[in-house]
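Asker: Pasting the sequence and the predicted model now:
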Amino acid sequence: MKSLLFALLTVLPASAALAADPEVPYPSGYRHWQHVKSMVIEQGHPLFDAFGGIHHIYANASALEGYQAGKFPDGAVIVFDLLEANRADSAVTEGARKVVGVMHKDAQKYAATGGWGFEGFAGGDPSKRAVGANAATACYACHAPEKDRDYVFSRPRD
């Protein structure tokens, strides 16, 4: 019983600290969410250097509600899974994962960036944060022109 109590006392403060952490969590299981659409950014596009490749957009259930309503509720998560685009034999196929980009809606927690938390996980590795404290300049500044669409670029396919 003492060891159980000690374990709880050790874990609870860590859990409270994680709950208060402003970092965007890694979206575990996102590839089982609704696939919204795919696209390819090719050489010649202004964002090619940063985002060239194959994009697959996924949305959790709350984000799907937001796409329909035009305003996303807290808890909405949108993921863009960016992969290298390999061209061979007249086909384009997926290569290595470049980044898992995440938008996580929490109006209070991320008030400074339109209610959205932004993060990119290099290579899809949950321990390799590519954005961190630079979300306001690295992501939000680009998404700001989409304010009328709750800062979201993607639109679901019909």
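Answerer: Looks like it arrived, so ask away.

Asker: Now do the most centrally placed residue in the chain against Asn60, distance only.
Answerer: The chain has Val102 as the residue nearest its centroid, 0.7 Å off, counting by Cα atoms, centre = their mean. According to Cβ to Cβ, to the nearest Å, Val102 and Asn60 sit 11 Å apart. Where you see a C-beta, it was placed from the backbone N, CA and C, and this is true even at glycine.

Asker: Need the overlap of contacts for these two.
Answerer: Pro27, Val77 (Cβ atoms under 8 Å, 6 or more residues apart in numbering).

Asker: helices and strands around the longest strand along the chain, which ones?
Answerer: Assignment by DSSP state E gives strand 91-105 as the longest strand of the chain. Contact analysis of strand 91-105 by 3 or more Cβ pairs under 8 Å, 6 or more residues apart in numbering; DSSP states H and E lists strand 53-59, helix 61-69, strand 77-88, strand 116-122 as its packing neighbours.

Asker: From the rest of the structure, what touches the second one?
Answerer: Contacts with helix 61-69, where a contact means Cβ under 8 Å, 6+ apart, come from 33-34, 36, 59, 72-78, 105, 150, 152, 155-156.

Asker: What about these, which one has the most neighbours?
Answerer: Ile78 (27 neighbours; other Cβ atoms under 10 Å).

Asker: Verify the contact between that one and Phe118 for me.
Answerer: No: at 10.2 Å, Ile78 does not count as touching Phe118 under the criterion of Cβ atoms under 8 Å.

Asker: one step back: just the angle between the longest strand of the chain and strand 116-122, please?
Answerer: Interaxial angle, strand 91-105 versus strand 116-122 (axes from the mean of the first three to the mean of the last three Cα atoms, to 10 degrees): 140 degrees.

Asker: what lines up beside strand 91-105 in the sheet?
Answerer: Using DSSP bridges, strand 91-105 pairs in its sheet with strand 77-88 (antiparallel), strand 116-122 (antiparallel).
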